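J.: Have a look; sequence and predicted model below, questions after that.
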Amino acid sequence: MNETPQEYIKRMLGNAEGLDPLKVEAGTAKKLERLVKAVPASKLRKRPAPGKWSVAEILAHLADTEIVVSFRMRLILAAPGTPIAAVDQDSWVTSGHYEKRYPRKSVEQFRVVREANLALLKSLTPQQWKHYGMHSERGQETIELIVRMYAGHDINHLQQIERILSAKEMYVEPLNPRP
């Protein structure tokens with residue numbers, strides 16, 4: 001999907017509109033566990049279409065982005081106004097070898113880091129929720145905005161996983177013949 005940073009923000013916030021973002025985030029790991037529980041790893045690794053991420057790659061993405069948001073929030077809390085670098089998520093899929101990661105380990109990594117992040121968020125003062133960083137593509141982002149966007153991000157990927165797993169047919173990468 002090719003969208004501007006502003007379109008991305010609007011889409012993520014729209015996904016979680018009217019919902020308590022902390023409740024959404026607190027329930028995501030369990031939902032992921034339920035979705036993939038009885039699914040063979042081989043099916044989780046199959047891409048639904050050329051150029052589209054597999055469930056395993058989405059799970060690895062969620063695990064890594066939870067580390068990213070953890071770091072960003074801590075930077076912002078320690079030095080409000082700090083610059084926040086953007087991430088090229090597609091290059092992370094390749095450089096991080098997401099296709100080789102164990103899907104259930106990605107869910108576990110996500111769960112552990114998310115629990116730490118939720119504990120941090122529950123400890124914040126009202127003033128700290130207003131602290132912000134300057135994202136290199138999206139501009140000023142407060143802790144509050146980041147939490148709301150990540151709730152929408154969770155919903156986005158949960159829905160994506162549900163769609164992939166409910167599809168009858170899945171794309172299989174062609175084998176690369178050896179020379």
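T.: Structure's in. What do you need? Numbers count the residues shown, from 1 in each chain.

J.: can you pull out the helices in the protein?
T.: 5-15, 21-36, 41-44, 55-78, 89-95, 103-123, 143-166 (DSSP state H).

J.: Could you export the fifth one as PDB, CA atoms only?
T.: I take that to be helix 89-95. Extracted in PDB, the C-alpha atoms of helix 89-95 (Å, rounded to 0.1, in the frame of the first residue of the first chain):
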ATOM      1  CA  GLN A  89       9.500  -2.000   7.200                       C
ATOM      2  CA  ASP A  90      10.000  -3.800   3.900                       C
ATOM      3  CA  SER A  91      13.800  -3.700   4.200                       C
ATOM      4  CA  TRP A  92      13.500  -5.100   7.700                       C
ATOM      5  CA  VAL A  93      11.500  -8.100   6.400                       C
ATOM      6  CA  THR A  94      14.400  -8.900   4.100                       C
ATOM      7  CA  SER A  95      17.400  -7.900   6.400                       C
END
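
J.: Buried residues in the helix or strand of the chain with the lowest mean pLDDT, which are they?
T.: Scoring the helices and strands of the chain by mean pLDDT, DSSP states H and E places helix 89-95 at the bottom, with a mean of 92. Neighbour-count burial for helix 89-95, with 16 or more other C-beta atoms under 10 Å as criterion, is recorded at 92-93. The way it works is simple: take the backbone N, C-alpha and C, and place the C-beta from them, glycine included.

J.: Give me the residues contacting that helix.
T.: Outside helix 89-95, the residues that touch it by C-beta atoms under 8 Å, 6 or more residues apart in numbering are 53, 57, 60-61, 64-65, 98-99.

J.: Can you tell me which of those residues has the largest number of neighbours?
T.: Among the contacts of helix 89-95, the one with the most neighbours (other C-beta atoms under 10 Å) is residue 60, at 27 neighbours.

J.: tell me, what residue is most central in the chain?
T.: For the chain, the residue nearest the mean C-alpha position is residue 62 (3.4 Å; C-alpha atoms, centre = their mean).

J.: Nearest residue to it in space, please, no chain neighbours.
T.: Spatial nearest neighbour of residue 62, chain neighbours left out: residue 110 (5.0 Å); criterion: C-beta to C-beta, 6 or more residues apart in numbering.

J.: contacting residues for the one you found?
T.: 28-29, 32, 59, 62-63, 66.

J.: what about 10 Å?
T.: 28-29, 32-33, 59-67, 154 (C-beta atoms under 10 Å, 6 or more residues apart in numbering).

J.: Since that was my last question, I'll sign off now.
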